[in-house]
Structure formats: structure tokens, C-alpha cells
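# Return atomic coordinates for the entry below.
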Amino acid sequence: MDMSQFKHDYINILSSLHGYIEQGDTLQLKTYFKNTITPLKTNLTNNQNQLATLQKINNLTFRATLNTLFTKAKQKRIDLHLEITDHFQMTDEQCKTIEIQLAELINQHQNTKLKLNLTPSGIERMSSE
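Residues are numbered from 1 along each chain as shown. Presented below is the predicted three-dimensional model:
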């Protein structure tokens, strides 16, 4: 999400909250909070975890590619969790192989959860729902 989209969404959220508070409609306020604010908090936490995970990758080009693939997964409503247990160096060939594996997994799924483990030899699927 770019900054202008974030600003737009932020203003809409604040306006909605303000409207419910002004009307004294606590039931609608609670419902809005549950359906809008709580998922945002979860998404922000997941994004922070994703960034921390990607920091373990020393290849900046590959890190950027993975970030792009995370965005594609979100667009397809895939809850993607990529685990990287250790810092490791990868060759360009290893990066390309893993990129292809991950792109194929994303293309094959929609509206699901994928939990994957990234190793120098490739991607291991830990679970999917």
C-alpha cells in the first residue's frame, strides 16, 4: 500500500469512528472496530513480522522479489507465512529457483493460508489450509 492510499484509508477510518461516536451508537462503533480496526492491527503485525523475516536474507534483490511475491499473495487473499530460521547466503541460481517455487505456489492458491520454510535448497511446505 502506498502512502496516499494509507492516508485515504486512515482518514476514512477516523471519519467513521467520529460518526459513530457523535451519534452515540456504541453498538455500531464496536462492530466497526471489530470488523475494521482489529484486522488492520493483525495485518500491521504480520507486515512487521514479514519485514523481520526478510532481513535474514542477505541478497537484496531476492529480498525485494520476495516482498513483491508477498504483495501478490495478499492480493489473492493468501495468508503467507515464510519462515527463515537462519541467515544464509544464496547464489543467484538458488534465489531464482526459490522465486519460481514460491511464485508457482502463489499462482496455485487463493483464499488460503500457506506456511513455508525457506532453506538454501528451496521451499518446504510446512502446512496449508
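# quick one: Leu27 and Phe33, what's the gap?
As judged by Cβ to Cβ, to the nearest Å, Leu27 and Phe33 stand 11 Å apart. In short, each C-beta sits where N, CA and C put it, glycine included.
# Comparing those two, which residue is more hemmed in?
Phe33 (14 against 8; other Cβ atoms under 10 Å).
# Now do the same contact list for the more buried one.
Counting by Cβ atoms under 8 Å, 6 or more residues apart in numbering, Phe33 makes contact with Leu17.
# and it, how far is that from Leu40?
10 Å.
# Same question for Lys7.
14 Å.
# ditto for Asn12
For Asn12 relative to Leu40 (Cβ to Cβ), the value is 12 Å.
# where in the chain is pLDDT low?
1-3, 5-6, 42-47, 127-129 (pLDDT under 70).
# Strands of that one, start to end?
Here the chain has its strands, by DSSP state E, at 78-83, 112-119, 122-128.
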